[in-house]
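A.B. asks: Okay, here's the prediction I keep looking at, along with the sequence it came from:
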Amino acid sequence: MVETIRVLVAADNLLARAGLAALLDSQDSCLVVGQATSDGLGDAIDLTQPDIVVADMGWQATAMLDALAAIARPDMPVVALITDGGDAPAALTTLSGFGLYGLLLNENDPELLQTALQAVYAGLIVIDPALAEAIIPASSGTPDPIPEALTQRENDVLQLLAQGLTNKAIAHQLGITDHTVKFHVNAIMTKLSAQSRTEAVVIATRAGLIIL
C-alpha cells in the first residue's frame, strides 16, 4: 500500500495554486494539507507540518525562489515546478539548501509529478532530464575529454549518484562508510570539474560514463 504524502502547495498565482492542489488531491498517494503564496510560505509550513512542499514558480520565479531560500532546511523536501528552463540554474542553487528536492518542468503529466513526489519523499533527488541542457549549456562541439579517469570504485559511486541516491544509500549499497562515499563523491566532482552532484551526473552522461 502506498503511503499518503501530506503536501503543501505553494504558488503566487491563484489559478495555478488551486489547479495544482486539485490535481494532487485527486491522487491516492497525496493529501493536500494547505496552500500558500510566497509571502506566507514559512507560516504555512509551521501551521500544516507537511511531508513535502510542491512549489510552482510560475513565470516570475524570483519571489518563490526567495521564499524557498528563506525557509531552506535539510528536513523539508521540496519539489519545484518551473515554466521557463532558464530558471533552472537559479532554482537548483536554491533547492540545494534542502536535503531532498525535485526540479521539474510544470508541463509534466500528473503521473510523472506523482512519481517524482514519491521518489523525493522516499529519499531521492529528482531532476527532469529535459532540464539538463538548461543546467549545463551544451557546447558547440565535442564534449571535452575527462582529464583524469575515474577509478572503478568512483565509477560505482557515479552510477548510483545518477540514480539520485543519497550518500547513506550509496554506502549501504556498496558496503562502505558514509565518509568513504563522501570522499569518492568529492573526487568525482574534482575530476569532472563539477560544482554539484547534479552537474557531475550531467557531465558524466555527456562523456558516456553513465550506464543507462
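C.D. replies: Received it, and whenever you're ready, just let me know what you need.

A.B. asks: Could you point out the helix or strand that follows the lowest-mean-pLDDT helix or strand in the chain?
C.D. replies: Within the chain, judged by mean pLDDT, DSSP states H and E, the helix or strand with the poorest mean is helix 132-135; its value is a mean of 64. For helix 132-135, the succeeding helix or strand toward the C-terminus, using DSSP states H and E, is helix 152-162.

A.B. asks: Contacts for that following helix, please.
C.D. replies: Contacts made with helix 152-162 from outside it, assessed by C-beta atoms under 8 Å, 6 or more residues apart in numbering, are listed as 150, 169-170, 173-174, 181, 184-185, 187-188, 191, 197, 200-201, 204-205, 209-211. Any C-beta I mention is one placed from the backbone N, CA and C, and that applies to glycine too.

A.B. asks: So which of those residues sit within helices?
C.D. replies: Residues from the contacts of helix 152-162 lying in helices, with DSSP state H as the criterion: 169-170, 173-174, 181, 184-185, 187-188, 191, 197, 200-201, 204-205.

A.B. asks: Any idea how far apart the tips of stretch 64-82 sit?
C.D. replies: 11 Å (C-alpha to C-alpha, to the nearest Å).

A.B. asks: Across the sheet, point out what pairs with the residue most central in space within the chain.
C.D. replies: Nearest to the mean C-alpha position of the chain, counting by C-alpha atoms, centre = their mean, stands G102 at 2.7 Å. With DSSP bridges applied, G102 shows beta-bridge pairing to V79, V126.

A.B. asks: That one reaches L131, doesn't it?
C.D. replies: No: judged on C-beta atoms under 8 Å, G102 makes no contact with L131 at a distance of 10.8 Å.

A.B. asks: tell me the domain boundaries of this protein?
C.D. replies: Domain assignment of the chain by automatic domain parsing yields the ranges 5-135, 152-206.
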